[in-house]
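In: The sequence isn't on hand, but the structure is:
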């Protein structure tokens, strides 16, 4: 039996932000670095779903851009988190706001959908298989919401960036594109081994120059030349990644609209 509990977060999501906006963005969490767009989230939900692939109840997050109702008929961007966040944190870092902002700037609308995979690098550990959850459970849950899962991309950061690339390699032809922020890759790993497969897919790569993973991500960019992305000043945190989300969402929206 499916277990489900839904929390509507939408515009009522509690996010600590500074009172003033600067350049259209608001500082988040009281820190000097991360930013969020000065845009409202649309239909943003956190549900609890029974994952057959993981054998447990997981948090399942979805976001629809403001002005697009419940998102029925919209394509899907799968979100794979890094090691320090889970789906429960997505509203707090402003993903729904970034989504509305992208659409307001002219990006074709899409929805975000992501579930908690814990710290397994999106790979199976015994009977617990977060990668299969993303491939099977999450699309099924999206289908129940009326989202168009025939058009799907993936985006992740750090461990989730690695997981997104590995997902594309494991299921060729399924995803239309992948955006990876500071993916936790290293030469010789399974992502590098799948370079020939990944070269057939539009890939976006972003990584900060002060990130400890910078050299390995640069090596990946040589093996799998990205069609989008940048390597600017920044570290391995949302201070840098929050500034990359607009470009990544623009890239993914274009690929979904092709």
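Out: Now that the structure is in, tell me what you want to look at. No experiment lies behind these values; they were computed from the predicted model shown.
In: Show me the strands in the stretch 1-150 of the chain, by range?
Out: For the stretch 1-150 of the chain, the strands identified by DSSP state E, counting those that start in this stretch occupy 5-8, 25-27, 35-37, 44-51, 56-63, 75-80, 111-115, 148-157, in order along the chain.
In: what's near enough to touch residue 214?
Out: By CB atoms under 8 Å, 6 or more residues apart in numbering, the contact set of residue 214 is 207, 208, 231. Backbone N, C-alpha and C define where each C-beta goes, glycine included.
In: Reformat the strands of the stretch 1-150 of the chain as a markdown table; add mean neighbour count and mean pLDDT.
Out: Compiled in a markdown table, those are given as follows (neighbours: other CB atoms under 10 Å; pLDDT from 0 to 100):
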| stretch | mean neighbour count | mean pLDDT |
| --- | --- | --- |
| strand 5-8 | 12 | 59 |
| strand 25-27 | 20 | 41 |
| strand 35-37 | 24 | 95 |
| strand 44-51 | 20 | 98 |
| strand 56-63 | 22 | 98 |
| strand 75-80 | 26 | 98 |
| strand 111-115 | 25 | 98 |
| strand 148-157 | 22 | 98 |
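In: Adding distance to residue 189 as columns, could you present those strands in CSV?
Out: Conversion of the strands of the stretch 1-150 of the chain to CSV gives the following (distance: least, CB to CB, whole Å):
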stretch, distance to residue 189
strand 5-8, 36
strand 25-27, 35
strand 35-37, 32
strand 44-51, 25
strand 56-63, 26
strand 75-80, 16
strand 111-115, 23
strand 148-157, 15
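In: what's the closest of the ones you listed to residue 254?
Out: Closest of the strands of the stretch 1-150 of the chain to residue 254 is strand 148-157, at 10.0 Å (criterion: CB to CB).
In: strands paired with that closest one, and their directions?
Out: Each strand that pairs with strand 148-157, with its direction, by DSSP bridges: strand 75-80 (parallel), strand 178-181 (parallel).
In: Any chance of a markdown table for those strands, columns distance to residue 135?
Out: Formatted as a markdown table, these follow (distance: least, CB to CB, whole Å):
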| stretch | distance to residue 135 |
| --- | --- |
| strand 75-80 | 9 |
| strand 178-181 | 14 |
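In: For residue 152, which of those strands is the nearest?
Out: Taking CB to CB as the measure, these were each checked against residue 152, and strand 75-80 came out nearest at 4.9 Å.
In: Surely residue 230 is in contact with residue 241?
Out: No. Shown here, residue 230 and residue 241 do not form a contact pair, counting by CB atoms under 8 Å, at 11.8 Å.
In: Now the common contact residues for those two.
Out: Shared contacts of residue 230 and residue 241, defined by CB under 8 Å, 6+ apart, comprise residue 206.
In: if you count what's nearby, which of these two comes out ahead?
Out: Comparing residue 230 with residue 241 by other CB atoms under 10 Å, the one with more neighbours is residue 241, at 24 against 15.
In: That one: which element?
Out: helix 238-257 (DSSP states H and E).
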